[in-house]
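Asker: Predicted coordinates and the sequence they were generated for:
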Amino acid sequence: MLGNILCVFSSCLQNSPKSMHNLILGCLLDLCENSKTVSHIRVWRGKADQSAAHLLCDIWRKEEMDLNVRRTDDGALAGLFIKTVK
């Protein structure tokens, strides 16, 4: 039953509008507090055989694009300034 619930939430995440992502991710996070859920998340596959990890990375990248996050050529965050304490 737990596996079915995770599949439903994962599929909802993949097919829902961005405005729903925070709610669905919150539910998935709560479900993942149960150690038995990790194996179900690992085997989940969505559209075009997309894994849960790939889906979450896609959501992350899209969020960075929406926020205009800049990155260097090697993938590090660009434009960050760190103040040093003297």
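Answerer: Yes, it's here. Being a predicted model, the structure only gives us computed values, none of them experimental.
Asker: what helix or strand does the spatially most central residue of the chain sit in?
Answerer: Closest residue to the average C-alpha location of the chain: residue 56 at 2.6 Å, with CA atoms, centre = their mean. Taking DSSP states H and E as the criterion, residue 56 maps to helix 52-66.
Asker: Now do that helix: which elements does it pack against?
Answerer: For helix 52-66, the elements it packs on are helix 2-15, judged by 3 or more CB pairs under 8 Å, 6 or more residues apart in numbering; DSSP states H and E. To be clear about C-beta, it is placed using only N, CA and C from the backbone, and glycine gets the same treatment.
Asker: who's in contact with the helix it packs on?
Answerer: Contact with helix 2-15 is made by 20-21, 24-25, 27-28, 31, 34, 36-37, 40-41, 44, 46-47, 50, 52, 55, 59, as judged by CB atoms under 8 Å, 6 or more residues apart in numbering.
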